[in-house]
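[1] when you get a sec, could you give me coordinates for this:
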Amino acid sequence: SRVNVGIAVAVPNGLLVPVVRDVDRLSLEQISTESKRLIAKAKDGTISGDDMAGGTFSLTNLGMVGIDAFTPLINMPQSAILGVGRTVEKPAVVDGQIVIRAKAVLSITHDHRVIDGYPAALFLQSMTYYIENPCLLLLD
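    Alright, predicted model coming up:
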């Protein structure tokens with residue numbers, strides 16, 4: 001009934017996962033502001049247990065350290081985690097022509113007791129659509 005998204009944040013002594021609450025009710029700007037606030041708290045060591053509780057889904061990005069693809073582990077008791085690999089330019093076929101396009105690998109690990117594989121695949125398809133068409137995120 002709630003959409004609370006954890007964001008994996010590397011810190012010197014491990015990993016912290018602050019949670020942005022009710023992201024489905026926030027604007028893109030509000031999500032960005034809250035994410036930045038929580039990430040700063042995680043990095044400066046002022047984050048609280050309450051800031052990391054109640055997540056239902058997490059995001060993790062190893063692309064920033066040059067990893068193309070990986071299998072993220074679910075932050076229990078959450079239902080799933082989305083892994084984002086690095087973005088690199090690669091050849092792609094578009095309208096019968098070979099062109100260079102930015103490509104990234106997304107991977108989802110999900111608890112089959114909560115989410116079946118097909119809806120998880122549809123979620124990845126939707127993510128891809130919005131990444132390829134980011135202006136749609138700005139429309140109401």
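
[2] residues in contact with the most centrally placed residue in the chain?
    A centroid search over the chain (C-alpha atoms, centre = their mean) returns Leu59, at 3.1 Å, as the residue closest to the centre. Residues in contact with Leu59 (C-beta atoms under 8 Å, 6 or more residues apart in numbering) are 5-8, 81-82, 84. (C-beta placed from N, C-alpha, C; glycine too.)

[3] so how far is stretch 111-128 off the chain centroid?
    Relative to its chain's centre, stretch 111-128 lies at 14 Å (C-alpha atoms, centre = their mean, to the nearest Å).

[4] equivalent analysis for stretch 86-105, please.
    The answer for stretch 86-105 is 22 Å, by C-alpha atoms, centre = their mean.

[5] got the contact list for it?
    Contacts with stretch 86-105, where a contact means C-beta under 8 Å, 6+ apart, come from 62-64, 66-69, 84-85, 131.

[6] return the member of the residues you listed nearest to Lys43.
    Among those, Met64 lies closest to Lys43 (C-beta to C-beta), at 13.9 Å.
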